[in-house]
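Colleague: Here you go, sequence then predicted model.
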Amino acid sequence: MALGIMAIVLVSVYRLQSQTLTMSMESRFYTQAPLLARSALVRLEQSKEREMISGQGDFGREFPGYQWQIAVTEAASEALGPEFSRDMKRIDVLVTLNDGEYSYGFRTYRLVRQ
């Protein structure tokens, strides 16, 4: 009887520990991912190339398993008129962890004069 109770308690404790580790990893990702996404966007904006282009990569040894992807497309706007319309860019930034197990993304727009 005591062994049965002990087995139930140990299984419950194991599940709680497993849940705690999962929640900790999620919390760390959703805290770190926006900062990493912003840093990837800043690198794109500060690149020496005059034209913003799509790309992907990782964050090196400091953030193993984290990867970024940036997609840059034209976002024509009638409100800006024909002079600026082709200079409007839609930028989608995506940060993933462990090959897509967790993902965080956002979309922003930039007026890039070329």
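Modeller: Noted; the coordinates are in hand.

Colleague: unless I'm mixing things up, Gln56 is touching Tyr66, no?
Modeller: No: using CB atoms under 8 Å, Gln56 is not in contact with Tyr66; the gap is 11.8 Å. To be clear about C-beta, it is placed using only N, CA and C from the backbone, and glycine gets the same treatment.

Colleague: Neighbour count: these two, which is higher?
Modeller: Tyr66 (20 against 12; other CB atoms under 10 Å).

Colleague: In the chain, which residue is most central in space?
Modeller: Relative to the mean C-alpha position of the chain, the nearest C-alpha, by CA atoms, centre = their mean, is the one of Val95, at 2.1 Å.

Colleague: Please list all residues in contact with that one.
Modeller: Under the criterion of CB atoms under 8 Å, 6 or more residues apart in numbering, the neighbours of Val95 are 33, 36-37, 40, 66-68, 103-105.

Colleague: On the three-state scheme, it is what?
Modeller: strand (DSSP: H, G, I helix; E, B strand; the rest coil).

Colleague: helices and strands around the host helix or strand of Val13, which ones?
Modeller: With elements taken from DSSP states H and E, the one containing Val13 is helix 2-45. In this structure, helix 2-45 makes packing contacts with strand 66-74, strand 88-97, strand 102-111, judged by 3 or more CB pairs under 8 Å, 6 or more residues apart in numbering; DSSP states H and E.

Colleague: Deepest-packed of those, please.
Modeller: Counting by mean count of other CB atoms under 10 Å, strand 88-97 has the highest mean neighbour count of those, with a mean of 19.

Colleague: Now it - C-alpha only, CSV.
Modeller: Listed in CSV are the C-alpha atoms of strand 88-97, where the atom choice follows Å, rounded to 0.1, in the frame of the first residue of the first chain:
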residue,chain,number,x,y,z
MET,A,88,7.6,51.4,-49.0
LYS,A,89,8.9,48.0,-47.7
ARG,A,90,7.0,45.4,-45.7
ILE,A,91,9.4,43.6,-43.4
ASP,A,92,8.5,40.3,-41.7
VAL,A,93,10.8,39.1,-39.0
LEU,A,94,10.6,35.6,-37.5
VAL,A,95,12.7,34.1,-34.7
THR,A,96,12.5,30.4,-34.0
LEU,A,97,14.0,28.0,-31.5
